[in-house]
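Participant: Please work out how this folds:
(one chain, ligands or ions: 2)
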Amino acid sequence: TRSTRPQRMLKAVQKNATKGSPESVISAIDYFCKHSEWAMNVGDEKGSILDSVVTEVNPSTVLELGTYCGYSTVRIARLLSPGTKFITLEFNPANVTVARQIIAHAGLQDKVTVVEGSSGDLIPQMKERFGITTFDFIFLDHWKDRYLPDIKLFEECGLLRKGSVLLADNVICPGAPEYLEYVRNSPRYENRYYPAHLEYTKVEDGLEKSVFLG
Ligand SMILES: O=C(CSCCNC(=O)c1cc(-c2ccc(F)cc2)cc(O)c1O)c1ccc(O)c(O)c1
Ligand SMILES: [Mg+2]
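Facilitator: Ligands and ions are numbered 1, 2, ... in the order given. Coordinates of the predicted model:
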């Protein structure tokens, strides 16, 4: 049967990227998406903004929602200090399989734990299953209609501390209007919008950074 787009992306990484080099894995995926097939990775423009926020926060605990093929997972993991606890959640088991191989090709398999399941089920298990008390940095890039229920879940589960940073992809396209309204109208968050474009296109998109004030 016909291969899937994530499987073709993995083949492109295995063919064109140097094993153990996160930068070459990132470049190979961006090249594939620009010249072969568009895919919903955060991409190079928004990826550079992600890099700058991760570097600024220098987190000890990180959660990513929406691994997909592991592109942003590799971008984040390559910047983390040794000993950082990094967990990424993916709903689709086929994507988990591809992501683990792309992360391994980058040599970053020891830096991150890829967990299969839905965020709604897994977020309440973070403390007991992974020994997390709070997250310093959270990257939201999964279903756009899950951003709002999941940020409320973080609050209810006590997974945020004063200064925790949340960065949300696609707040314009496909859009997360209810999430934006919530964080921008809540006195508990300080927000900043980073204008950019939908990965590999000229379509308007952007990232919203929200700092929890406690
Ligand atoms: O897609 C999902 C939900 S998780 C991925 C969320 N991410 C997105 O949806 C997402 C989408 C776009 C985007 C797509 C089409 C456009 F025309 C414009 C933008 C861009 C992004 O950067 C994104 O992050 C899923 C569900 C069940 C499964 O079985 C599975 O394999 C996958
Ligand atoms: Mg996205």
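Participant: Spatially nearest residue to C157 (excluding sequence neighbours)?
Facilitator: P124 (5.5 Å; CB to CB, 6 or more residues apart in numbering). Heads up, the C-betas are built off the backbone N, CA and C, glycines and all.
Participant: swap in G117?
Facilitator: L89 (6.4 Å).
Participant: What of V115?
Facilitator: Going by CB to CB, 6+ apart, V115 has L89 as its nearest residue, at 5.3 Å.
Participant: partners of the helix or strand harbouring that neighbour in the sheet?
Facilitator: Applying DSSP states H and E as the criterion places L89 in strand 85-90. Paired with strand 85-90 in the same sheet, following DSSP bridges, are strand 61-65 (parallel), strand 113-116 (parallel).
Participant: Give me the residues contacting stretch 6-19.
Facilitator: 3, 24-25, 27-29, 31-33, 36-37, 39, 68-69, 94-95, 98, 101-102, 105-107 (CB atoms under 8 Å, 6 or more residues apart in numbering).
Participant: near ligand 1, which residues of the protein?
Facilitator: 40, 66, 68, 91-92, 95, 141-143, 169-170, 173-174, 198-199 (CB under 6 Å from any ligand atom).
Participant: just the buried members of the residues you listed?
Facilitator: Buried members of the residues of the chain next to ligand 1, counted by 16 or more other CB atoms under 10 Å: 40, 66, 68, 91, 95, 141-143, 169-170, 173, 198-199.
Participant: Which ones among these map onto helices?
Facilitator: N95 (DSSP state H).
Participant: closest to L50 among the buried ones among the residues of the chain next to ligand 1?
Facilitator: Using CB to CB, D169 is the member of these that sits closest to L50, with 8.1 Å.
Participant: Helices along this structure, start to end?
Facilitator: For the chain, the helices defined by DSSP H occupy 5-16, 22-35, 43-57, 71-77, 93-105, 119-122, 126-130, 147-156, 177-185.
Participant: Which stretch among the ones you listed is buried most, on average?
Facilitator: Highest mean neighbour count of the helices of the chain: helix 71-77, a mean of 27 (counted as mean count of other CB atoms under 10 Å).
Participant: what comes into contact with it?
Facilitator: 22, 25-26, 29, 41-42, 47, 50-51, 54, 62, 64, 67, 86, 88, 99, 102-103, 106, 108, 111-112, 114, 139, 141, 169.
Participant: Sounds good, over and out.
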